[in-house]
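Enquirer: Predicted model and sequence follow; I will ask about them next.
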Amino acid sequence: MSTSDRGAQHPGLGFFEVNTGSQTQGFFPNTCVDITSVVERKKSVLFAHVSQDGVGIWRQRHEIVAGFRGREAGVKVAEAFVHLNGDSRTSPLPGL
């Protein structure tokens, strides 16, 4: 069954990974999404939040975690989620 078929039959709920450190204690992801093809777009959107220091947030947090999760998933960069139904898989964007 393809990811799109699975999503149509069983809409899922995914909990995303927040800041590194104390906020990730007890976070045990079971789904990784390869963001390699969209990471530059993600960065540009984050960097647009100048008043929130998007560049600093990327460099100090998201870049580190994306690289770490990418190494875990065997890709360049990834985002990790806890998929509510416990389905473990690595899937490309756009979807879980």
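Expert: Looks like it arrived, so ask away. Residues are numbered from 1 along each chain as shown.

Enquirer: where does this protein have low pLDDT?
Expert: The chain contains residues with pLDDT under 70 at 1-11, 19-24, 85-96.

Enquirer: in it, which spans are helices?
Expert: Taking DSSP state H, the helices of the chain run over residues 3-9, 39-47, 54-57, 63-73.

Enquirer: so what's Phe27 up against?
Expert: 17-18, 80, 82 (C-beta atoms under 8 Å, 6 or more residues apart in numbering). In this view, the C-beta of every residue, glycine as well, is placed from N, C-alpha and C.

Enquirer: Same list (those) but as a markdown table, adding neighbour count.
Expert: Below are those laid out as a markdown table (neighbours: other C-beta atoms under 10 Å):
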| residue | neighbour count |
| --- | --- |
| Glu17 | 17 |
| Val18 | 12 |
| Ala80 | 25 |
| Val82 | 15 |
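
Enquirer: Mark which of these are part of strands, please.
Expert: Taking DSSP state E as the definition of strands, the contacts of Phe27 contribute 80, 82.

Enquirer: got a markdown table for the contacts of Phe27, with distance to Ile57 too?
Expert: Below are the contacts of Phe27 laid out as a markdown table (distance: C-beta to C-beta, whole Å):
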| residue | distance to Ile57 |
| --- | --- |
| Glu17 | 14 |
| Val18 | 12 |
| Ala80 | 17 |
| Val82 | 22 |
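
Enquirer: of the contacts of Phe27, closest to Gly56?
Expert: Nearest to Gly56 among the contacts of Phe27 is Val18, at 16.4 Å by C-beta to C-beta.

Enquirer: Any figure for the gap between the closest one and Cys32?
Expert: Look at Val18 and Cys32: by C-beta to C-beta, to the nearest Å, they are 16 Å apart.

Enquirer: Quick check: which of the helices of the chain is buried the most?
Expert: helix 63-73 (a mean of 16; mean count of other C-beta atoms under 10 Å).
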